[in-house]
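1. Sequence and computational prediction follow.
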Amino acid sequence: MGETELLDMLASETDRRADTIIKGVEKLAGSGKADSARVEALRVEAHGLKGAALVVGQARLGELAERLEHFFAERTDSGRIDPKEAAIAVAAVSSLDEASQAAAEGGPEPPSVAESLQRLGA
């Protein structure tokens, strides 16, 4: 399988998982209720994105997905994501999706990747 095909697969996988993560974050933040199982499911989705990005050699996207994974891991015990935190997570997931599409098309990394990395911290 060539690099182009792998990047296309990453873009497809990211698009699918991004939708799942965004909907999950929005539902959780909007409910105001604690749901540790949902937060853990979001962490697992981010972990999958990290692996997919790293397998195809997209280290920066892997790093962004890893920071998302840590973001969710830090909130698993409480089971809560407040609306401000939700906005950060949704922006980062959207950035990851946009960047994987750009990589598949041979384009440059969107500036939103650096912004999201900074907002999620180390």
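-> Structure received. Numbers count the residues shown, from 1 in each chain.

2. quick one, helices of this protein?
-> 3-31, 36-55, 59-76, 83-104, 111-120 (DSSP state H).

3. could I get stretch 91-102 in PDB with only the CA atoms?
-> As requested, the backbone C-alpha atoms of stretch 91-102 are provided in PDB (Å, rounded to 0.1, in the frame of the first residue of the first chain):
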ATOM      1  CA  ALA A  91     -11.500  22.700  18.100                       C
ATOM      2  CA  ALA A  92      -8.600  20.200  18.500                       C
ATOM      3  CA  VAL A  93     -10.600  17.300  17.000                       C
ATOM      4  CA  SER A  94     -11.700  19.500  14.100                       C
ATOM      5  CA  SER A  95      -8.100  20.600  13.600                       C
ATOM      6  CA  LEU A  96      -7.000  17.000  13.600                       C
ATOM      7  CA  ASP A  97      -9.700  16.100  11.000                       C
ATOM      8  CA  GLU A  98      -8.800  19.100   8.800                       C
ATOM      9  CA  ALA A  99      -5.000  18.300   9.000                       C
ATOM     10  CA  SER A 100      -5.500  14.700   8.100                       C
ATOM     11  CA  GLN A 101      -7.500  15.800   5.000                       C
ATOM     12  CA  ALA A 102      -4.800  18.200   4.100                       C
END
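
4. need the contact list for Ser78.
-> Ala34, Ser36, Val39 (CB atoms under 8 Å, 6 or more residues apart in numbering). Backbone N, C-alpha and C define where each C-beta goes, glycine included.

5. Top of those residues by number of neighbours, please.
-> Neighbour counts for the contacts of Ser78 (other CB atoms under 10 Å) peak at Val39, which has 24 neighbours.
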